[in-house]
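*Asks:* predicted structure and sequence below. I'll ask about it afterward.
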Amino acid sequence: MTKSAKVLFAFGVASALCATTTLGQIVFSFDENGKGSGPGGPLPSTIAVEPVSGMATLSYMLPFPVAPGDVLLLEPTNSTGLVLSDLVRFGGANHNQVFFFSDAEANERLDLADVPVLPQPVTGAISLNEVGPEGNNGAVWAPPPGSGLPGDPPSGVGPVTYQIISDIPEPASFAFTALAGGLLLALKWRRQVARS
């Protein structure tokens, strides 16, 4: 088997494995700045008044109703352990909205979900620890089907996973990462040319 055939075979096996594990899984991803996506493409977002707290914040519209409730994101700190940094509330008038509240921090740019004070969590809130480096972290929430926990869809929809992106890398971070990646690729290419 040639080297290129082996690479194509490995790529095909990896693609098949990825496809079988993600089929039947509905994934929604949203951040604190109005960028959300789902199986049908972008998620509509707007600033809306959340009915329980009466606060205006970033809201996403889901394509189906879900169980109401809160998901709390806890951020690790050096001094106090964990601190509540974000609150994601499922609900709204038709139970198909996701309200994103993010704790506005001093000396940082404001995002659409930033509020001066987070609302009080509702009873039965789910707490998740944020993962990832500061400036690019978040959490994943997958309510067990039929559990009635926050974000659980009606029966027949299938399992749902929510990728909640808490911090969005600053534009300078993106530029630095792209530059570092480009330099690594250039060094690898140069080594390959030198060996030839």
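*Replies:* Perfect, I can see it now.
*Asks:* who's in contact with the longest strand belonging to the chain?
*Replies:* Longest strand in the chain, counting residues (DSSP state E): strand 81-91. Under the contact criterion Cβ atoms under 8 Å, 6 or more residues apart in numbering, strand 81-91 has outside partners 32, 50-53, 66-77, 97-103, 113, 118-119, 121-122, 129-130, 141, 150-151, 162, 164, 166. In this view, the C-beta of every residue, glycine as well, is placed from N, C-alpha and C.
*Asks:* now, of these, which are buried?
*Replies:* 32, 50, 53, 66-75, 97-103, 113, 118-119, 121, 130, 141, 150-151, 162, 164, 166 (16 or more other Cβ atoms under 10 Å).
*Asks:* of those residues, which belong to strands?
*Replies:* 69-75, 97-103, 141, 162, 164.
*Asks:* low-confidence ranges in the protein?
*Replies:* Within the chain, the stretches with pLDDT under 70 are 1-24, 80, 107, 168-196.
*Asks:* rerun that using 90 as the cut-off
*Replies:* Applying pLDDT under 90 to the chain flags the ranges 1-25, 75-83, 103-110, 132-137, 155-156, 158, 166-196.
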